[in-house]
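Novice: give me a 3D structure for the following:
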Amino acid sequence: MIELRNVTFGYDERVILEDISFTIGESESAIIMGPSGSGKSTILRLLLGLNYPQRGDVLIDGMNLNQISDRDLEEVRKSIGMVFQDGALFDSLTVGENVGYYLFEHTKQSTEEIETAVREMLGFVGLDADQVVDQLPEQLSGGMQRRVAIARALLATNPKIMLYDEPTTGLDPQATDLILRLVNKLTEEKGISTIVVTHQISDAFFLADRFLVIFGGRLIFDGTIAELRDSDQPQVRAFLAPYRQSLELVESKGFRPAQQ
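Specialist: The predicted model follows:
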């Protein structure tokens, strides 16, 4: 579903990603981790076709983004849902207008049909439509805003792929748990291929059994949680040192707690 082949990207003389290659299969969930400035969010921009590599190829469902027309790129983007760290909701629109924005702007569905779809999607992400549909984003908690952003992404694109950039940053533990459960729910119930970029390492262990570690613009690790625990890469071991107890606990349980 997702493939990077020997991708190198940078600005002027500054190299941000160097010779990155990996694939993410259908319905697979993967975490991209690494220190700040290592190039994690840049990978998401490449997958959305917002940037193009200087070398290498970016493929989405077999389509090479380097070689397709702008019209075909728009079609590819319709298969991708993106949730940003701050939710990126429209402040001046209600929750209902945010979630239904794409349908209002780009389809001929009636207002009643869109409102029904919006309410169903809010319910899917665990929100009471009667309580939130007419509220503005600023009236919601951070966790609720993230769930509204996920609902909007799902209703806009009916995605095959979901990309999350720091989805739990700044949230309290209860809101974090709700978002983790929702991400897993989408992967499992809808068969969506998922990439989560996060600094919240303890959360990452609950979301996937595939981990990619970027360090200095290079992919230095790609493997399971058990392989991550046992990695002898000095950079990987140093990066994970504060979280090793959590990693070993999750791996020993054999499940992702957010699913329970």
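Novice: helix, strand or coil for the nearest residue to residue 133 once chain neighbours are set aside?
Specialist: In space, residue 133 comes closest to residue 96 once its chain neighbours are excluded; the distance is 4.0 Å by C-beta to C-beta, 6 or more residues apart in numbering. All C-beta spots, glycine's among them, are computed from the backbone N, C-alpha and C. Under the three-state scheme (DSSP: H, G, I helix; E, B strand; the rest coil), residue 96 adopts helix.
Novice: need the phi and psi values for residue 179.
Specialist: Per-residue torsions, residue 179: phi -70, psi -40 (degrees, to the nearest 10).
Novice: state the pLDDT value of it.
Specialist: If you check residue 179, the pLDDT there is 89.
Novice: that one is in contact with residue 169, isn't it?
Specialist: No. Look at residue 179 against residue 169 with C-beta atoms under 8 Å: they stay out of range, at 10.3 Å.
Novice: more neighbours: which of these two?
Specialist: Shown here are residue 179 and residue 169; by other C-beta atoms under 10 Å, residue 179 has more neighbours (24 against 15).
Novice: about what we covered before: now the residue nearest to residue 133: how far from residue 57?
Specialist: For residue 96, the distance to residue 57 (C-beta to C-beta, to the nearest Å) stands at 40 Å.
Novice: neighbour count: these two, which is higher?
Specialist: Using other C-beta under 10 Å as the criterion, residue 96 and residue 57 rank with residue 96 on top: 20 against 16.
Novice: checking the residue nearest to the spatial centre of the chain next. Helix, strand or coil?
Specialist: Nearest to the mean C-alpha position of the chain, by C-alpha atoms, centre = their mean, lies residue 164 at 2.0 Å. Per three-state DSSP, the secondary structure class of residue 164 is strand.
Novice: I'd assumed residue 81 was in contact with it.
Specialist: No. The pair residue 164 / residue 81 is not scored as a contact, 9.0 Å apart, by C-beta under 8 Å.
Novice: any low-confidence regions in the stretch 151-260 of the chain?
Specialist: 246-260 (pLDDT under 70).
Novice: all helices for it, in order.
Specialist: 173-190, 201-204, 225-230, 234-240, 244-253 (DSSP state H, counting those that start in this stretch).
Novice: could I get these as JSON lines with distance to residue 104?
Specialist: Listed next are those as JSON lines, based on distance: least, C-beta to C-beta, whole Å:
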{"stretch": "helix 173-190", "distance to residue 104": "23"}
{"stretch": "helix 201-204", "distance to residue 104": "33"}
{"stretch": "helix 225-230", "distance to residue 104": "42"}
{"stretch": "helix 234-240", "distance to residue 104": "44"}
{"stretch": "helix 244-253", "distance to residue 104": "42"}
